[in-house]
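Novice: what's the 3D shape of this:
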Amino acid sequence: LAPGEMTSMHRHDHDYHFVVIKPTTLEVFGEDGSRLFDFWAEDTLGFKVVGDFLEVQNGIDLPPVPRIHAAKNIGTEIYHEILFETKPKQQMDQRNTQEL
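Specialist: From the prediction side, this is the model:
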């Protein structure tokens, strides 16, 4: 994500973690486009889906993060992360069966 670039509005349906490769300051926006907060994104962050919000899993102090949100790189450097979701085993089994 280049400086000034913003993600599309998106929704997380599964718990997830992301590993920050190149840190920066990210600004988070709610579904209605309102600015919620900004934070320094670094290291590994984990989130658990709890109702309409994402609960931080690794001790970083963030305000409530809605499941539907967008993020903007407000730093001066390119931001890069690797994100991975934890999907339920049942869902994975169904998908594998459908592929056969």
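Novice: from what I see, E85 and H14 are in contact.
Specialist: Yes. E85 is in contact with H14 according to CB atoms under 8 Å; the separation is 4.3 Å. Just so you know, the C-beta spots here come from the backbone N, C-alpha and C atoms, and that holds for glycine as well.
Novice: what's near enough to touch P64?
Specialist: In this structure, P64 makes contact with F53, judged by CB atoms under 8 Å, 6 or more residues apart in numbering.
Novice: switch the cut-off to 10 Å
Specialist: If a contact means CB atoms under 10 Å, 6 or more residues apart in numbering, then P64 has 30, 36-37, 50, 52-56 as its contacts.
Novice: just I21 next, same as before
Specialist: Contacts for I21 were tallied using CB under 10 Å, 6+ apart; they are 78-82.
Novice: so which of these wins on neighbours?
Specialist: When neighbours are counted by other CB atoms under 10 Å, Y79 leads the contacts of I21 with 21 neighbours.
Novice: give me the pLDDT for that residue.
Specialist: For Y79, the pLDDT comes out at 98.
Novice: state the distance from it to L62.
Specialist: Remark: distance between Y79 and L62 (CB to CB, to the nearest Å) = 16 Å.
Novice: many thanks, have a good one.
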